[in-house]
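# Here is the input, now give the coordinates:
(one chain, ligands or ions: 3)
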Amino acid sequence: MAPPPLQVTSARDVLAQIDAGLAESREAGRATGLILIQIDRLNELRISVGLAAAEQLQMQLDQRLQGLARSRDRVLRISDDQRVLLVPMLMNPGQVELAAGKILREIDACRLASDHSIALQSRLGVAVDDVGKCTAEALLRHAQAAISLAARKGETVGHAHDLTEIVAESDIRLEAEIERGLGQGEFEIWCQPKLDLVTRLPVGAEGLVRWRHPSRGLVPPDEFLPTAERSGRIVQLTWSALNIGLQQLTQWPASCGDTGIAINVSASCLYQAGFVHQVLDALSIWSVPPQRLTIEVTETVAMTNAELSDRVLRTLREAGVRVSIDDFGSGYSSLSYFKRLPADEIKIDRAFIQDLIHDDADRHIVATIIELSRRFGLNVVAEGIEDEATLECVATMGCDVAQGYLIARPMPHEQIIDYLAQAFGTVDSRAG
Ligand code: C2E
Ligand code: CA
Ligand code: CA
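Ligands and ions are numbered 1, 2, ... in the order given. Have a look, this model is predicted:
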């Protein structure tokens, strides 16, 4: 007889059941394993096969999970897209790995009767309490963090031994802090000039986010962007960066002419419905002509979900906004990629530039990128220029623009105004 369908269990019940399993193992001096099963892209599945068929697949999964559970194991339905297999009384932690392997096979076996090509997509997070000290809450959180880690690395199974509880906890705290900081307007945009290698004048500047934290001081992006990205706060952060950047641009000296600003946009923002509209709205709010805004997306973003990103980037370009492909060469670029690249500019990844003088292979790669860019009418920026020799090398090789510490480090708003005023030979034109 098929087991009864699993009901969504309240958080309190889930924790109580996990606690019971932990207590049982603890008494026997054994370990407890917890496997969190996350069904990915459930919404997309529903859209493509319909609600009833998607539910059929979920029911198959529940039955198969109950089928593989031993008498002491517990299968819990946390939410529509999350299940837990709790494995108490482990003889050794390896047993939980075996269970994870079995789960993956069972998930793969869940198929629609009407179409065998349709399968569930999933990710697992594995956590083990082998010291008998974990609470239910902590064990579950470990498994959740393990799934996030796996998602970031593009892996199917994440293991909680790759992280510590501190990481998960500090991540949650940091997320709350980011939200607070956004509310308090603590994020700033610092600008790093881009230099035209022919005229040796700035052609624009890249806006880079900085967090003026009340107790930590100035926090660089790599300390908060990964958390902002994971928690979804990146969307709000990007809109804030775009608006601050455009507002600052309106205060640049008039002598700058059309010199523009570049804003970095991550995948989660680019793929948001209404992204282009919001960009155009921001331009109109600040009365900035679209040609003065460049949207930088990394090569990896432009390549993943190519169809969607092509469409978004093309629409932006049609509206007059410039598009720049960041960190070029670091992803999966193929030569055919050049053919369809919906961009005005590519920025060669710093990794190829930094050792250019001494590394023949890097020079060959850069020369090839420049040559192809020429053929396809793309501007080429060399990033991460730190010394005169490299600057002259990229200039000789035919790069159009250079950016790097040699030219200038990213600087706050007041300084970029002075920098630009000086570069364009004018006195500061700030009002007041
Ligand atoms: P990126 O877009 O590749 O930005 C260039 C990074 O290289 C900046 O680091 C810049 O300060 C640094 N850099 C510039 N010249 C040199 C150089 O000569 N040598 C070296 N070693 N580094 C140089 P930063 O400001 O720490 O930003 C790091 C990354 O954070 C950026 O990489 C970008 O991916 C991301 N980021 C920054 N601001 C934003 C933002 O507003 N939104 C989003 N989504 N990402 C942002
Ligand atoms: Ca960038
Ligand atoms: Ca870059």
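# buried stuff in the helix or strand bottoming out on mean pLDDT in the chain?
Here the helix or strand of the chain ranked lowest by mean pLDDT, DSSP states H and E is helix 335-340, holding a mean of 75. With burial defined by 16 or more other CB atoms under 10 Å, the residues of helix 335-340 counted as buried are Y337, F338. Every residue, glycine included, has its C-beta placed from N, CA and C.
# Which elements pack onto that helix?
Helix 335-340 sits against helix 360-375, with contacts defined as 3 or more CB pairs under 8 Å, 6 or more residues apart in numbering; DSSP states H and E.
# which secondary structure elements does the helix it packs on contact?
helix 335-340, strand 345-348, helix 350-353, strand 379-382, helix 388-397.
# among the ones you listed, which is nearest Q58?
helix 335-340 (37.9 Å; CB to CB).
# ok, residues contacting that closest one?
Helix 335-340 has contacts (CB atoms under 8 Å, 6 or more residues apart in numbering) with M303, D310, L372, S373, R375, F376, L378.
# repeat that with 6 Å
Residues outside helix 335-340 that contact it (CB atoms under 6 Å, 6 or more residues apart in numbering): L372, F376.
# go on, stretch 350-367?
Stretch 350-367 is contacted from outside by G329, A382, E383, G384, A389, T390, C393, M397, using CB under 6 Å, 6+ apart.
# quick one: buried residues of that stretch?
Using 16+ other CB under 10 Å as the test for burial, stretch 350-367 gives R350, F352, I353, Q354, L356, D362, R363, I365, V366.
# Looking at those, which is nearest A16?
R350 (51.7 Å).
# Report the rounded mean pLDDT for stretch 6-23.
When pLDDT is averaged along stretch 6-23, the result is 88.
# Ignore what I typed, I meant stretch 270-278.
92.
# Residues contacting that stretch, please?
The contact list for stretch 270-278 (CB under 6 Å, 6+ apart) reads V297, L308, V312, T315, L316.
# Narrow those to just the buried residues.
V297, V312, T315, L316.
# Turn the residues you listed into JSON lines, including distance to ligand 2, secondary structure and pLDDT.
Formatted as JSON lines, those follow (distance: CB to the ion, whole Å; DSSP: H, G, I helix; E, B strand; the rest coil; pLDDT from 0 to 100):
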{"residue": "V297", "distance to ligand 2": "9", "secondary structure": "strand", "pLDDT": "95"}
{"residue": "V312", "distance to ligand 2": "17", "secondary structure": "helix", "pLDDT": "95"}
{"residue": "T315", "distance to ligand 2": "21", "secondary structure": "helix", "pLDDT": "97"}
{"residue": "L316", "distance to ligand 2": "16", "secondary structure": "helix", "pLDDT": "97"}
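# Redo those as CSV? Include distance to Q422.
Below are the buried ones among the contacts of stretch 270-278 laid out as CSV (distance: CB to CB, whole Å):
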residue, distance to Q422
V297, 31
V312, 37
T315, 37
L316, 32
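# which of the residues you listed lies closest to ligand 1?
Distance to ligand 1 across these (CB to the nearest ligand atom) is lowest for V297, with 9.0 Å.
# Could you check how many residues crowd around the residue lying closest to the closest one once chain neighbours are set aside?
Distance criterion CB to CB, 6 or more residues apart in numbering; nearest residue to V297, sequence neighbours excluded, is V265 at 5.5 Å. V265: 24 surrounding residues under other CB atoms under 10 Å.
# check contacts around V265.
T238, I295, V297.
# Is it correct that I263 falls within a helix?
No: assignment of I263 by DSSP: H, G, I helix; E, B strand; the rest coil gives strand, placing it outside any helix.
# Kindly report the residues of the stretch 301-432 of the chain close to ligand 2.
Contact residues (CB under 5 Å from the ion) of the stretch 301-432 of the chain with ligand 2: D326.
# in the stretch 301-432 of the chain, what residue is nearest ligand 2?
Per CB to the ion, D326 is where the stretch 301-432 of the chain lies closest to ligand 2, at 4.3 Å.
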